[in-house]
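Asks: The following comprises the amino acid sequence and a computationally predicted model.
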Amino acid sequence: MCSDYVSSDDIRDQFSKAMSAMYQQEVPQYGTLLSLVEVVNDDALSQDPALADALAATGELSRINVERHGAIRVGLPEELSLLRRMFAVMGMVPVGYYDLAAAGVPVHSTAFRPVDDEALKRNPFRVFTSLLRLELIENAALREQAREILQRREIVTPQAVALIERCEQQGGLSTNDADAFVEAALTTFRWHHDATVDVETYHRLHKEHRLIADVVCFHGPHINHLTPRTLDIDEVQRRMPDVGINPKAVIEGPPRRVCPILLRQTSFKALEETITFADNAQGHHTARFGEIEQRGVALTHKGRELYDHLLAESRSLPVAPDNATHQAQLAEVFQAFPDDDATLRREALAFFHYYAVPGKQVALPDNVDAAGVEVLIEQGALVCQPMIYEDFLPVSAAGIFQSNLGEHQRDEYSSHANQAQFEQHLGAAVIDEIALYAQRQQASLEQALAVLRGR
Ligand code: OOG
Ligand code: NI
């Protein structure tokens, strides 16, 4: 690749910062939340030097203050595949498949994100991207009307399309082109106060499902939240009311633990926006909300099965009236999930990065198996750090969707997950997230062993 091109990591970093600045202007509470998260993160690091050391070792300390995920929803297959090409310019590829129809939300989703160690360290910006499943609209006339409305809009500006094509042809963008791309791409995710439909059409779609109205009635896939990463979500949840923010009732995901796993999330209610409809009627729409998350170690298939099993068990208990009770119930059920790094590693429940300890001379066989790894760790020649989970959780995502869609919840759709159709619409296969963690763990182990062998 020509070295005159800006790296895709730089473009992503620039874009995620521009997006954050735009969202701060659009949703002032997001700025308040960022300040709160920063204070809590600084406190967590100063109170826990071991945490600071661990984050420094994996290169996460430098990324934590820029780390965000956003979420968008699109209406048509062509929109999804065009966004795939847009995100590729920024080194973001589709990872994972999430079926939300089972939770009563008529979408299926993926996350566009960087995948390799260096790119993640630089800026792990991810965008949870959902495609509306028009086929789940039962009323055929309404379904066709929704499709027609969507077909009339262009969600990416002609200039952005031209720059995406240039990047695909040349293999990169010059500094000027990259700047122009970031600005043009940002336009796609802006909020629009004017709807593309009259108020009556909006209400008909809204009645079918609020999310359908949100996707179909506007000029584009406005970013609906941007989520900073905190090191102590319980503390942020506790302090949110002090800064005028009311979080949803419970924190989604696993309970608080010594060794955090996967992802814990909480959100707060959408803004009510004033809308001007195509017939000049005025009305309201709620779409955008705030969210925070705390990330823990990525789990193997075995670890994930145990998580899913325990989560299902906790969900069969009576619904807790408040977060404290919910967390206490969860913690009780999750006692069955080992809570120290050594057991998580030895039982192959979680993924780790391996590092060689400089200066250690040890005799190494040609093939180092799992038992051999344990010996090297005991000898102090190898150390490991938890590999952070970079993805999302479907049950949590459904909880986030629902708490922000408001009162009117509907039952699950009877349709099944359809990854093949999603990939066809996307124009590419989604990457299996667990295979990615396994590869990165293996690569870090091989690299560490090479260092120990003096190569
Ligand atoms: C996406 C909700 C899912 C998460 O963090 O799990 C999500 C949406 O509301 O569009 O962002
Ligand atoms: Ni989110």
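Replies: Here it is on my side, so go on. Ligands and ions are numbered 1, 2, ... in the order given.
Asks: ok, how many other residues are close to residue 29?
Replies: By the criterion of other CB atoms under 10 Å, residue 29 has 18 neighbours. In short, each C-beta sits where N, CA and C put it, glycine included.
Asks: And for residue 301?
Replies: Counted with other CB under 10 Å, the neighbours of residue 301 add up to 12.
Asks: where exactly do the strands run in this protein?
Replies: Taking DSSP state E, the strands of the chain run over residues 68-74, 93-99, 107-113, 126-132, 225-228, 263-268, 272-276, 282-286, 290-295, 352-356, 382-386.
Asks: Now do the residue lying closest to residue 299 once chain neighbours are set aside against residue 260, distance only.
Replies: Here the nearest residue to residue 299 in space, its sequence neighbours aside, is residue 350; by CB to CB, 6 or more residues apart in numbering that works out to 5.4 Å. Between residue 350 and residue 260 the distance, using CB to CB, to the nearest Å, works out to 10 Å.
Asks: Quickly list what's touching both of the two.
Replies: Overlap of the contact sets of residue 350 and residue 260 (by CB atoms under 8 Å, 6 or more residues apart in numbering) consists of residue 297.
Asks: Give me the more crowded residue out of these two.
Replies: Ranked by neighbour count (other CB under 10 Å), residue 350 and residue 260 place residue 350 first, with 26 against 22.
Asks: residues contacting the closest residue to residue 245 other than its chain neighbours?
Replies: Nearest in space to residue 245, with sequence neighbours left out and distances taken as CB to CB, 6+ apart, is residue 268 at 5.1 Å. Under the criterion of CB under 8 Å, 6+ apart, the contact list for residue 268 reads 29, 240, 245, 246, 247, 248, 289, 290, 291.
Asks: again, only this time at 7 Å
Replies: With contact taken as CB atoms under 7 Å, 6 or more residues apart in numbering, residue 268 is in contact with 240, 245, 246, 247, 248, 289, 290.
Asks: beta partners for the residue lying closest to the third one once chain neighbours are set aside?
Replies: Residue nearest to residue 246 in three dimensions, not counting chain neighbours: residue 268, with 5.8 Å by CB to CB, 6+ apart. Judged by DSSP bridges, the bridge partners of residue 268 are residue 247, residue 290.
Asks: Let me know the closest of the contacts of residue 268 to residue 193.
Replies: Distance to residue 193 across these (CB to CB) is lowest for residue 289, with 17.4 Å.
Asks: Could you tell me the phi and psi values at that closest one?
Replies: Taking degrees, to the nearest 10, you get phi -150, psi -180 for the backbone angles of residue 289.
Asks: In this structure it contacts residue 402, no?
Replies: No - the pair residue 289 and residue 402 fails to qualify as a contact (CB atoms under 7 Å) at a distance of 11.7 Å.
Asks: confidence score at the residue in the stretch 351-455 of the chain that ligand 2 sits nearest to?
Replies: The shortest separation between the stretch 351-455 of the chain and ligand 2 is 5.7 Å, found at residue 400 (distances taken as CB to the ion). Taken from the predicted model, the pLDDT recorded for residue 400 is 81.
Asks: so what's it up against?
Replies: With contacts defined as CB under 7 Å, 6+ apart, the neighbours of residue 400 are 252, 265, 267, 291.
Asks: re the thing from before, my guess is the residue nearest to residue 299 contacts residue 344. True?
Replies: Yes - between residue 350 and residue 344 there is a contact at 4.1 Å, judged by CB under 7 Å.
Asks: and the contacts of residue 400, which are buried?
Replies: A residue is treated as buried here by neighbour count (16 or more other CB atoms under 10 Å); on that basis the buried members of the contacts of residue 400 are 252, 265, 267, 291.
Asks: Can you narrow the residues you listed down to the ones near ligand 2?
Replies: With respect to ligand 2, and counting by CB under 5 Å from the ion, the subset of these in contact is residue 291.
Asks: now the buried ones among the contacts of residue 400 in TSV, with distance to ligand 1 and pLDDT?
Replies: Supplementary listing: those in TSV, determined by distance: CB to the nearest ligand atom, whole Å; pLDDT from 0 to 100:
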residue	distance to ligand 1	pLDDT
252	8	91
265	6	95
267	8	89
291	6	94
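Asks: Tell me the one of the buried ones among the contacts of residue 400 nearest residue 10?
Replies: Minimum separation from residue 10 among those (CB to CB) is found for residue 291, which lies at 26.3 Å.
Asks: Would you mind naming what in the protein lies close to ligand 1?
Replies: The chain has residues 71, 73, 128, 130, 224, 265, 291, 392, 396, 397, 400, 401 near ligand 1, with proximity defined as CB under 6 Å from any ligand atom.
Asks: The first one: what's it in contact with?
Replies: For residue 71, the set of contacting residues under the criterion of CB under 7 Å, 6+ apart consists of 127, 128, 224, 225.
Asks: Pairing-wise in the sheet, spell out the partners of the residue in the stretch 101-250 of the chain that ligand 1 sits nearest to.
Replies: The nearest approach of the stretch 101-250 of the chain to ligand 1 comes at residue 128, 4.3 Å away (CB to the nearest ligand atom). According to DSSP bridges, the residues that bridge with residue 128 are residue 71, residue 111.
Asks: Run a quick neighbour tally on it.
Replies: Residue neighbour count, defined by other CB under 10 Å, stands at 23 for residue 128.
Asks: Settle this for me: it is touching residue 109, isn't it.
Replies: Yes - here residue 128 reaches residue 109: they are 6.0 Å apart, a contact under CB under 7 Å.
Asks: Tell me the residues of the stretch 151-300 of the chain that contact ligand 2?
Replies: Contact residues of the stretch 151-300 of the chain with respect to ligand 2, defined by CB under 5 Å from the ion, are listed as 227, 291.
Asks: low pLDDT regions in the stretch 151-300 of the chain?
Replies: 270 (pLDDT under 70).
Asks: Spell out, range by range, the helices that occur in it.
Replies: Defined through DSSP state H, counting those that start in this stretch, the helices belonging to the stretch 151-300 of the chain, from first to last, are 158-170, 175-188, 199-208, 210-216, 233-239.
Asks: CSV for these, including distance to residue 35 and mean neighbour count?
Replies: Rendered in CSV, the data for these read as follows (distance: least, CB to CB, whole Å; neighbours: other CB atoms under 10 Å):
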stretch, distance to residue 35, mean neighbour count
helix 158-170, 32, 16
helix 175-188, 23, 18
helix 199-208, 34, 18
helix 210-216, 28, 24
helix 233-239, 11, 20
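Asks: and of these, who's closest to residue 94?
Replies: Ranked by CB to CB, the member of the helices of the stretch 151-300 of the chain that lies closest to residue 94 is helix 158-170, at 15.7 Å.
Asks: tilt between the closest one and helix 175-188?
Replies: Between the axes of helix 158-170 and helix 175-188, defined by axes from the mean of the first three to the mean of the last three CA atoms, to 10 degrees, the angle is 130 degrees.
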